[in-house]
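J.: Sequence and predicted structure below; questions after.
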Amino acid sequence: MPQSTPFQPRLSGLNQTGVWKLWAGYTVAPAYQHSISTEYYAIRNSAALLDTSPLFKLRFAGPSAETLLRHAMVRDVGAIADGRAQYTCWCDRRGYVLQDGVVLRLSSEDFLLTAAEPTLKYFRDLASDLGIARETVQDVSLDYGILALQGPLAHRILARLTDAADGLRYFGVTRCAIASHGVILSRTGYTGDLGYELWVPREGALPVLDALLEAGRGDNLTMMGTTALKMARVEAGLLLMDVDFRSSRHAWVDEQRETPAELGWAWMLRAMERSDRDFVGRGAIEQELATGSSRWTTTGLAVDVHDYERVHDEAGILAPRHEVYEETTMSVYRRSETPWDYAGYATSFHYSSLLRRPLALAKIPMDLAVEGTEVDLELTVIRRPQNVLARVHGGSFFNPERKIAVAEGVQNP
Amino acid sequence: MSTEPQSASLRYDAVVIGAGHNGLVHAGYLARAGMRTLLLEQRHLVGGAAITEELLPGFRFTTFSYAISLLRPEIVDDLDLVEHGLMVLPLANTFQPGLNGEYLALGPDADANYHEIARFSAEDAEAARDLDHLIARLCVALKPWMDRIPPNVRSNDPADLEALAELRAFMEGLDPEVRALGERFASSSAAEILDETFEHDLVKSLYASSGIIGSMVSPRDRESGLVWLFHKMGEYDGSPGSWGFHKGGNGGFTQVLARACEAFGGEIRTEARVRRVLHEGGTVRGVELEDGQRIEAPVVVSALDPRQTFTRLVDPADMPADLIEHLEGYKYQGSASKVNFALSDLPTFPGLEDKPDLFRGFTNLGPSIDYLHQAFTEAKEGRFSRRPFIDCCIQSTVDPGMSPPGKHVMSCFVMYTPYQLAEGTWDDQRDALGDTVQETLEEFFPGFSELVLHREVVTPLDIERAVGLSEGNIFAGELFDSQLFLNRPAPGWNQYRTPLSGYYQCGSGTHPGGCVSGGPGMLAARQVLRDAQAGA
């Protein structure tokens, strides 16, 4: 039987499409209405609400919680102040990424972590290796539902229910009460926009959801399905496990495994040089950086609009621009004398309606990973391979000031 | 069908003895290569231990073997089996009931299975993913060695020396994690591995059953590790470790093989028991049937088990003494029985009356390692387990041709039932075994007995009598490391040849071993054809 999130009793009535899919064994809506664009623009122009409860949720609590996390995580959890959060990843001993996730530091000895795949036993085994009590790590997946409230009006809507978001900085964490239920509120999200995530205790799920929907009624607060979310995350340059990479844990061969540097997360490693913190995979990662053995890196590709038009014009068809979001492998070629000079591949492709251009997330060799470098991306036009010009674009494609702005009300530039 | 007069002498390029699935596969390959091939079967029907029989009108029983997993995919292609009617239906679920109302109902979706196991332990659910993946990786790594003629450790042939060097290099080149698991399976009991991996009994028992199937071992015996691995070597449509039912039961499968064999020009004769293999000066000449008829052939292949091949079909005195001595230590000790039921309706498990797909797969009755070990302990004392492990399959849930509409056939594989009883004979105890199995089923599925329309009990003695498998061992010899790969059936004689030139073996007593894999039949054919080419 599929599992139900704590919000499901209310959400099942809100899905107008009749379509559900499974995410980690839970029933979720790919879209709540037939227009995915409408959901998408709610994220970018008003506010949208996502049920992200299928994520696994872990609590690390007690005097050794920090020690364990500092040993487990690639970024230094010790550098997170109380009431702050951190996006990080964790690796196996060979420096290959196991998963990524966000660590919330509630207090000096109390942390929460989200993960896409089960990992309780992994952290407990690590605790045992360190002589730390296994009970330091608890699976609290069933204790909470998580809602992501994302979009430029997210703060305004939230402010009608609590003042906890006032002055809450990007990646800040706080506790508050909504509809008389204790909620853990973080200014985080997966859309690259202004937004918040709310950990709601199971019993408070429906009252909190109802309160949010009511508070957002006048501001076009819209339920978003997973497809609109994934469109937004490509624009934000955020990777998705099992799409853009897979966990080393269940890979078959090293070709399927990737290091943080190979995933374009070299920025996570910068602070490593300033400390001798021993974390899982550090030795292998140091060696990779020292010898430059990274096989590729992951970056954005901005597809040339004129070339995109051209290949479709020449074929006599309209270039696809409406709700194009693909999780397929598309080959990337070096632009050189050699025709079809294979260089790498894209894993996500999205025509951004907002940015008016096609975007891709791709693996390419390090030497090509220079901002603006031209490559060919292989599209399929009327079922035939067709190369189009694309340019390397690091970081996010869309990064509004409001995402990190301290003051409320910063508008889209 | 033969109409030859009894005394006439016939001549073939090859005679294959025993139309079990390996004999059929083997004869199919020889016929396909253009050899005039005769396949001889003592019974009135082909299939050996892979047959389907209609014991009650409309109810078709898989008398002995009842599922397929290890069938080598290349056989399907080489022998055009799809054209001849091959259809393997997935066994999509596994149901593991406990005795206190607990149960695990697993299916093909990994996430759903996680949540099912997490009802008992989130750590176990996570560990199950890791273990399943690592086992699959190990099996994929080992697969090439399953599908080739193993090297001969007693040979100085450059090809063997090279193959042995390749084997060593393969072992050393294995991913350390994968290799460690392989070594663990070879050196540990299933229970040791499971105790280290899981905390909940029911989860452990789910895996433990693979470690004892058809083998006279407790899950606490070292040998159970390798038996477990062996049963994971199969696949269903590329999904590792998965199993399927052949349409019409395993007898439906061997009928497909028979049609394929005949389509290549192979001849099949039933009710033709071979009395002995004829040879002269170390070279095979043909066979003599029980009725005295002689059939000449330069190649004779036994699909029977090693005891039959080396000590009944030929005079052991004509065989090297060390081989015979080795084979005397080769363990059969059949430990499994079948109890097959015709049912008026599906059984019900309290609380899951409305779950229609519960029985569309394996149902394992053996809810803890203690339960399995206790069952083994009784068998070790020479009596069948009073609370046996039972692996139930109700093929009629997915294959309507197996039973009248709404009614069902239930195949129960029962452990442990020792071939050698301390007291009495299986002829005296057959019904008592049937009663015990029925009582055990009643315990898990209250009201079961009321559904029973018919019951067939097949003891190890019955398997030996009907099929010819010595001591009723379903694998033609235990799946212990001393009897596998380089050692199956004996070191130096693991390449399908025998000490007699032209006399070969192709049954489950050769590499890769038991189960409906066809591997021995296929690899033996490769050897026969290679030798024929070298000699030509």
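T.: Received it, and whenever you're ready, just let me know what you need. Worth saying up front: this structure is predicted, and the values here are computed from it rather than measured.
J.: Get me the contact residues on the stretch 201-350 of chain A for chain B.
T.: Contacts of the stretch 201-350 of chain A with chain B, taken as Cβ under 8 Å from any Cβ of the partner chain, map to A:249-250, A:252. From N, CA and C alone the C-beta is placed, and that goes for glycine too.
J.: The residues you listed, buried ones only, as a ChimeraX selection?
T.: Filtering these down to the buried ones (16 or more other Cβ atoms under 10 Å in any protein chain shown) takes a single ChimeraX command:
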select /A:249,250
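J.: Low-confidence regions, chain B specifically.
T.: Within chain B, the stretches with pLDDT under 70 are B:1-9, B:236, B:536.
J.: Now it against chain A: closest residue?
T.: Chain A sits closest to B:D111 of chain B, with a gap of 3.5 Å, by Cβ to the nearest Cβ.
J.: count of neighbours near that residue?
T.: 18 (other Cβ atoms under 10 Å in any protein chain shown).
J.: Equivalent analysis for B:R276, please.
T.: 13.
J.: Now it: closest residue in space that isn't a chain neighbour?
T.: Excluding its sequence neighbours, the residue lying closest to B:R276 (Cβ to Cβ, 6 or more residues apart in numbering or on different chains) is B:E288, at 5.3 Å.
J.: Now name the helix or strand holding the one you found.
T.: Under the criterion of DSSP states H and E, B:E288 resides in strand B:283-289.
J.: List the buried residues in that strand.
T.: So, applying 16+ other Cβ under 10 Å, buried residues of strand B:283-289: B:284-289.
J.: what residues are up against residue 188?
T.: Went with chain A since none was named. Contacts for A:T188 (Cβ atoms under 8 Å, 6 or more residues apart in numbering or on different chains) come out as A:85, A:87, A:102, A:171, A:195-197.
J.: meant chain B, my bad for not saying
T.: Per Cβ under 8 Å, 6+ apart, neighbours of B:S188: B:222, B:225.
J.: Now do the SS call for the closest residue to A:H71 other than its chain neighbours.
T.: Sequence neighbours aside, A:F279 is the residue nearest to A:H71 in space, at 5.6 Å (criterion: Cβ to Cβ, 6+ apart). On the three-state scheme (DSSP: H, G, I helix; E, B strand; the rest coil), A:F279 is labelled coil.
J.: List the pairing partners of the helix or strand containing B:I390 within its sheet, with orientation.
T.: Here B:I390 sits within strand B:389-393, counting by DSSP H and E. Partners of strand B:389-393 in the sheet, by DSSP bridges, are strand B:361-365 (antiparallel), strand B:408-415 (antiparallel).
J.: could you dump these to TSV with mean neighbour count and distance to B:P489?
T.: Converted to TSV, the strands paired with strand B:389-393 look like this (neighbours: other Cβ atoms under 10 Å in any protein chain shown; distance: least, Cβ to Cβ, whole Å):
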stretch	mean neighbour count	distance to B:P489
strand B:361-365	24	29
strand B:408-415	26	23
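J.: of all the ones you listed, which lies closest to A:L209?
T.: Of all these, strand B:361-365 sits nearest to A:L209, with 38.2 Å by Cβ to Cβ.
J.: how far is that closest one from where the chain is centred?
T.: 17 Å (Cα atoms, centre = their mean, to the nearest Å).
J.: again with stretch A:79-92
T.: Distance, stretch centre to chain centre, for stretch A:79-92: 14 Å (Cα atoms, centre = their mean).
J.: ditto for stretch B:118-127
T.: Distance, centroid of stretch B:118-127 to centroid of chain: 31 Å (Cα atoms, centre = their mean).
J.: is chain A contacted by that stretch?
T.: Yes. With Cβ under 8 Å from any Cβ as the criterion, chain A is reached by stretch B:118-127 at B:118, B:122-123, B:125-127.
J.: So which of these sit within helices?
T.: Members of the residues of stretch B:118-127 next to chain A lying in helices (criterion: DSSP state H): B:118, B:122-123, B:125-127.
J.: With neighbour count added, can I get the residues you listed in a markdown table?
T.: Shown next, in a markdown table, are these (neighbours: other Cβ atoms under 10 Å in any protein chain shown):
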| residue | neighbour count |
| --- | --- |
| B:A118 | 21 |
| B:A122 | 21 |
| B:E123 | 23 |
| B:A125 | 23 |
| B:E126 | 24 |
| B:A127 | 22 |
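J.: If you count neighbours, what's buried in the helix or strand containing B:D77?
T.: Using DSSP H and E, B:D77 sits in helix B:73-78. In terms of neighbour count (16+ other Cβ under 10 Å), helix B:73-78 has its buried residues at B:75-76, B:78.
J.: What pairs with whatever helix or strand comes next after it, parallel or antiparallel?
T.: Counting by DSSP H and E, the element after helix B:73-78 in chain order, helix or strand, is strand B:88-90. Neighbouring strands of strand B:88-90 in its sheet, by DSSP bridges, are strand B:244-246 (antiparallel).
J.: Residues in contact with the strand it pairs with: which ones?
T.: The contact list for strand B:244-246 (Cβ under 8 Å, 6+ apart) reads B:66-69, B:86-91, B:236, B:252-253, B:256, B:393, B:395, B:398-399.
J.: Any quick ChimeraX command for the buried ones out of these?
T.: The ChimeraX command for the buried members of the contacts of strand B:244-246 (criterion: 16+ other Cβ under 10 Å) is given here:
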select /B:66,67,68,69,86,88,89,90,91,236,252,253,256,393,395,398,399
